[in-house]
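Have a look; sequence and predicted model below, questions after that.
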Amino acid sequence: MKKILFSLILMMATLQLFAQDNGVEMADTLRNNGKIYVVVICIVIILLGLLAYLFSIDKRLKKIEKESNTGK
Amino acid sequence: MKKTWWKILASVLVVYTAIAGLLLGVPRLAILNETIRNLYFHVPMWFAMIVLFSISVFYSIKSLSTKSEIDDIKAVESVNAGIIFGLLGLVTGAIWAKYTWGQFWSFDPKQNFAAISVLLYFAYLILRNAIDEEQKRAKISAIYNIFAFPMMVVLLFVLPRLKDSLHPGNGGNPGFNSYDLDSRMRMVFYPACLGWILIGYWVYTIRFRIRSIENKQQHN
């Protein structure tokens, strides 16, 4: 476990060196060690939830529309 | 547009922008840094708003000649949906501005004019609520809307360009040229715009359908 951790820390230290391309700071380290994906997953879950909610509203509305058309 | 395929398309596009917008490469620019990705989220809000307001003005003109209540409801509900996107655009713009220009509100011409154009449409809704008689309300608000729309276009696209602005593309240059040079960004930006426009249209259709059922119940 310690070995893995140690090599991981060493890897992260070198990653920062690679990241400096032209002096402009970017979130390279964050993406290289994979953590940006956490944010992406969160955003996608939120979006999917909201979209599913929109679809369900749409479905319910369709039902109500049908009822109000037949109930005349 | 009663089908569901375009709703699924909108969902796919919006989810695609969230993933590709955060993970694909972007140009390395000073000050902007990673916030350049906000282009995929902040700008489509405005496009969605403009499309919804265009739908509104179309139905306002139509309602003047047809005198139909449905066209009038379509005009209001698309403004209602468009204002949400306008407010989201203002808020996201302010947050972006805080970390690149230094202040939430730096009284940038485009910021100010965007706020004014949202207020113009608030005035439209207030005007509607102030008139009780239905036909009069439809006519007056349609005429107001026909005036408000070109005002909005001038405020957002003409006046900011005549002044020095922090927004890109001002002082004579068209649009978002400085970013758009990068073809990687186009791959995300255009789908993002189409996706959010479709989502905006979807919200508008839901609002319109609810309103027409309510209307039907009132008449019964």
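Thanks, I have it.

helices and strands of chain A: which one bottoms out on pLDDT?
helix A:2-19 (a mean of 60; mean pLDDT, DSSP states H and E).

Residue numbers of chain A in contact with chain B?
With Cβ under 8 Å from any Cβ of the partner chain as the criterion, chain A meets chain B at residues A:21-22, A:24-27, A:31, A:36-37, A:39-40, A:43-44, A:47-48, A:51, A:54-55, A:57-58, A:61, A:64-65, A:68. (Each C-beta comes from the backbone N, C-alpha and C, glycine too.)

Now, of these, which are buried?
Buried subset of the residues of chain A next to chain B (neighbour count, 16 or more other Cβ atoms under 10 Å in any protein chain shown): A:26, A:31, A:36, A:40, A:43, A:44, A:47, A:51, A:54.

Of these, just say which sits nearest to residue B:64.
Nearest to residue B:64 among those is residue A:54, at 31.9 Å by Cβ to Cβ.

Counting by contacts, list what the strand or helix carrying that closest one packs against.
Element membership for residue A:54, per DSSP states H and E: helix A:36-70. Packed against helix A:36-70 by the contact rule (3 or more Cβ pairs under 8 Å, 6 or more residues apart in numbering or on different chains; DSSP states H and E) you find helix B:5-23, helix B:183-219.

Residue B:66: which of these is closest?
That would be helix B:183-219 among the helices and strands packed on helix A:36-70, by Cβ to Cβ, at 15.4 Å.

Any buried residues in the closest one, and which?
B:185, B:188-189, B:191-209, B:211-213.

Point out the other helices and strands that that helix packs with.
Contacts defined by 3+ Cβ pairs under 8 Å, 6+ apart place helix B:183-219 against helix A:36-70, helix B:5-23, helix B:39-66, helix B:69-100, helix B:177-180.

right, and the ones you listed - which one's nearest residue B:217?
Of all the helices and strands packed on helix B:183-219, helix A:36-70 comes closest under Cβ to Cβ, at 7.4 Å.

Run the angle between that closest one and helix B:39-66 for me.
20 degrees (axes from the mean of the first three to the mean of the last three Cα atoms, to 10 degrees).

Taking helix B:5-23 as reference, get the angle to helix A:36-70.
Using the same axes, to 10 degrees, helix A:36-70 lies at 170 degrees relative to helix B:5-23.

sorry, back to before: format the helices and strands packed on helix B:183-219 as a markdown table; extra columns: distance to residue B:142.
Shown next, in a markdown table, are the helices and strands packed on helix B:183-219 (distance: least, Cβ to Cβ, whole Å):
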| stretch | distance to residue B:142 |
| --- | --- |
| helix A:36-70 | 26 |
| helix B:5-23 | 28 |
| helix B:39-66 | 4 |
| helix B:69-100 | 7 |
| helix B:177-180 | 36 |
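
rank the ones you listed by pLDDT, which is bottom?
Sorting these by mean pLDDT places helix B:177-180 lowest, at a mean of 54.

ok, residue A:64 touching residue B:216?
No: between residue A:64 and residue B:216 there is no contact under Cβ atoms under 8 Å: 10.7 Å.

which residues touch the spatially most central residue of chain B?
Of all residues in chain B, the one closest to the mean position by Cα atoms, centre = their mean is residue B:49, 1.3 Å from it. Residue B:49 makes contact with B:82, B:83, B:85, B:86, B:89, B:200 under the criterion Cβ atoms under 8 Å, 6 or more residues apart in numbering or on different chains.

what about the fifth one, how many residues close to it?
The one in question is residue B:89. Residues near residue B:89, counting by other Cβ atoms under 10 Å in any protein chain shown, number 22.
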